[in-house]
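Undergrad: I would like the atomic coordinates for the input below:
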Amino acid sequence: MEKIVGYVVSDATVKTFGNHKSVVNFTVAKNRFFTDKDGVRKQSTRFFDCSYWKNPEVAKFLVKGKVVELDGTIDVRAYIKTDDSGAQIAVGVLTVNVSEIGLFGHSEKHAAPSAAQNDPVQSDEEFIEDLPF
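TA: Below you'll find the model as predicted:
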């Protein structure tokens, strides 16, 4: 299992299959800061396409801008894409099969779940208003 902390890029979507199984799909962006060889501070952003199969109710808390902590298995998907000019481009996609989700802060769209509810996130997660990054 690997841990990722990042920002939800857009509101999560839920897809339900014929066998009454549902998956929550969402994308998380993780920023990385570094100094290049010339001493200039730079930022690099990695995007992770995430899927969560345990409880579709968590989707209402996975809204754009929400800070999340994910535990899961990271994998890479690669394919060849043809652009408008006909050139072929190799594309790599980072995917995460999420096993646990921790939510931080509060969203304007939805209030954070209370521990008393049967909420889809770990009830012992701490909701933090101010993050150090």
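Undergrad: Could you use CA atoms for every contact and neighbour count after this?
TA: Will do.
Undergrad: So what pairs up with the residue most central in space within the chain in the strands?
TA: By Cα atoms, centre = their mean, the chain has its centre lying nearest to Val28, at 3.1 Å. Note on Val28: beta-bridge partners Val8, Phe48, judged by DSSP bridges.
Undergrad: Was I right to think it contacts Cys50?
TA: Yes: judged on Cα atoms under 8 Å, Val28 makes contact with Cys50 at a distance of 7.2 Å.
Undergrad: follow-up on the earlier one: how close does the residue nearest to the centre of the chain get to Gly86?
TA: Distance from Val28 to Gly86, counting by Cα to Cα, to the nearest Å: 30 Å.
Undergrad: Provide a list of residues in contact with Leu94.
TA: Phe47, Phe48, Asp49, Ile74, Asp75, Val76, Arg77 (Cα atoms under 8 Å, 6 or more residues apart in numbering).
Undergrad: Among these, name the buried ones.
TA: Buried subset of the contacts of Leu94 (neighbour count, 16 or more other Cα atoms under 10 Å): Phe47, Phe48, Asp49, Ile74.
Undergrad: Looking at those, which is nearest Lys21?
TA: Checking the buried ones among the contacts of Leu94 against Lys21 with Cα to Cα, the nearest one is Asp49 at 19.1 Å.
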